[in-house]
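1. give me a model of this one.
(one chain, ligands or ions: 2)
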Amino acid sequence: MPATERTEVFDPLAKPKKAGLGDIPKGSDALTEVGRLMTVCNSCRYCEGLCAVFPAMIARRDFPDGDLNYLANLCHNCGACFYDCQFSPPHEFNVNVPKAMSRARAESYQAYAWPRIFSGLFARNGLAISVIAALSVAGFIAGFAAWNDPTILYGTHTGPGAFYKLMPHNAMVALFGAVFLYAILASIMGARLFWRDIGEPAVTLTQTNPLWQAMKDAGKLRYLDGGGADCQADENDTPDHRRFYHHCTFYGFMLCLAATSVATLYHYLLGREAPYPWYDLPVVLGTIGGIGLLIGPVGLLRAKFVRDPDMLDKDRFGMDVAFLAMLFFTSLTGLALLVLRETPAMGLLLALHLGVVFGLFFTMPYGKFVHGIYRYMALVRYAKESYRP
Ligand code: SF4
Ligand code: SF4
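-> Ligands and ions are numbered 1, 2, ... in the order given. Model (predicted):
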């Protein structure tokens, strides 16, 4: 239903119906609620200086579904507008922007998922699917090695090529290259759908000013500070430091990716096989990144549990937990492998680590990971709309 029709019969007291998982965000209940709130907020405009959402809202007179998805993905869920609002619950207008935006965002992850068949499935069972995928691959690798030669799985292997005694390098590249490429392809297809739905032309992605501005805003998580006071966990303005933990998680992930890339270059360009000494670049990058991936997800999980329940979208709680848990266990198993790689535990730990990495990549395009992509793209659009040469 076009937003203009929705706002013609606008009723600020209208109660949203419960949204179902797997809904396509076209006139869905979550988007209807965001549209209702944006209409209220556009009359009020008190929160104009808190984040990018309100200036982007003010630039609009009506709110088609694509624009609501854009606004939902521009929101960083800092919570500032909930506590600043004179119409938040128990007021009868029931203005709860962070929660409504969270619901619409989560629906957008499903709606743009590729292939479509997986979207609702992962939203409902994200954690279970991640764990099953991880344990299946770990079990297969360990079982295959044990079946061939148990001394390989339980033996002590040292020196270059030790990891490939368990699984040949080419088999490892084929399995993980395939799931990595699949994750990239599915993420690109989802991002393409998002971009088309919000009505941005492809040419915007070639404009350097918005791209650079969005990169700076995303790199600093500029709008996660709720207008300067940090994210708020409750009405007492207790900061939950989500910005710091987000940084640990994001930069930790990027460092781990850099470690894998450097190791790949070592292997193919220099002919040097893993494992590498502790002072070598892939190990240093992986260790620092791994520590970030332990601290960040734990802090973000904690922030979820201490957050004011009024702002939480409990229906999607599991999807967020699944991604954070997979990041945490990827790092934990990786660091354990680093410490114990010259002991008989190496075989089982390597199988477990590879299984968790597989589960992480396989489920990445259907959960919280994509929020980084859609949010960056929303920031590009916002930077373009705000740019004055
Ligand atoms: S969240 Fe409340 S205070 Fe802020 S702009 Fe909307 S209606 Fe006004
Ligand atoms: S980023 Fe914060 S202030 Fe802005 S809409 Fe979201 S919750 Fe409200």
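2. run through who's touching stretch 114-134.
-> Under the contact criterion C-beta atoms under 8 Å, 6 or more residues apart in numbering, stretch 114-134 has outside partners 21-22, 106, 109-111, 113, 185-186, 189-190, 193, 316, 318-319, 321-323, 325-326, 329, 352, 355-356, 358-360, 362-363, 365-367. (Each C-beta comes from the backbone N, C-alpha and C, glycine too.)
3. quick check: the closest residue to ligand 2 within the stretch 251-389 of the chain vs residue 360, distance?
-> Minimum separation of the stretch 251-389 of the chain from ligand 2 (C-beta to the nearest ligand atom) falls at residue 311, amounting to 8.0 Å. From residue 311 across to residue 360, the span is 27 Å (C-beta to C-beta, to the nearest Å).
4. please parse this protein into its domains.
-> As given by automatic domain parsing, the domain ranges for the chain are 3-111, 116-386.
5. reformat those as TSV; add mean neighbour count and mean pLDDT.
-> Converted to TSV, these look like this (neighbours: other C-beta atoms under 10 Å; pLDDT from 0 to 100):
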stretch	mean neighbour count	mean pLDDT
domain 3-111	20	83
domain 116-386	18	89
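6. okay, these in JSON lines with distance to ligand 1 next?
-> Formatted as JSON lines, the domains of the chain follow (distance: least, C-beta to the nearest ligand atom, whole Å):
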{"stretch": "domain 3-111", "distance to ligand 1": "3"}
{"stretch": "domain 116-386", "distance to ligand 1": "11"}
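7. hang on, residue 374 packs against residue 73?
-> Yes: between residue 374 and residue 73 a contact is recorded at 4.3 Å, counting by C-beta atoms under 8 Å.
8. now do the shared contacts for the two.
-> 105, 108, 194.
9. need the residues you listed in a markdown table (columns: secondary structure).
-> Conversion of the shared contacts of residue 374 and residue 73 to a markdown table gives the following (DSSP: H, G, I helix; E, B strand; the rest coil):
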| residue | secondary structure |
| --- | --- |
| 105 | helix |
| 108 | helix |
| 194 | helix |
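10. which of the contacts of stretch 114-134 fall in helices?
-> Among those, the ones falling in helices (DSSP state H) are 106, 109-111, 185-186, 189-190, 193, 318-319, 321-323, 325-326, 329, 352, 355-356, 358-360, 362-363.
11. residues touching the nearest residue to residue 367 once chain neighbours are set aside, list them.
-> Counting by C-beta to C-beta, 6 or more residues apart in numbering, residue 367 lies nearest to residue 323, which is 4.6 Å off, once chain neighbours are set aside. By C-beta under 8 Å, 6+ apart, the contact set of residue 323 is 126, 363-364, 367-369.
12. likewise residue 142?
-> Counting by C-beta under 8 Å, 6+ apart, residue 142 has contacts 153, 347-348, 351-352.
13. now swap in residue 296 and tell me
-> 245-250, 252, 327.
14. change it to 7 Å
-> Residue 296 sits next to 245-246, 248-249, 252 when contact means C-beta atoms under 7 Å, 6 or more residues apart in numbering.
15. and ligand 2, is the strand or helix carrying it touching that?
-> For residue 296, the host element (DSSP states H and E) is helix 281-306. No: shown here: helix 281-306 not in contact with ligand 2 (C-beta under 6 Å from any ligand atom), separated by at least 13.6 Å.
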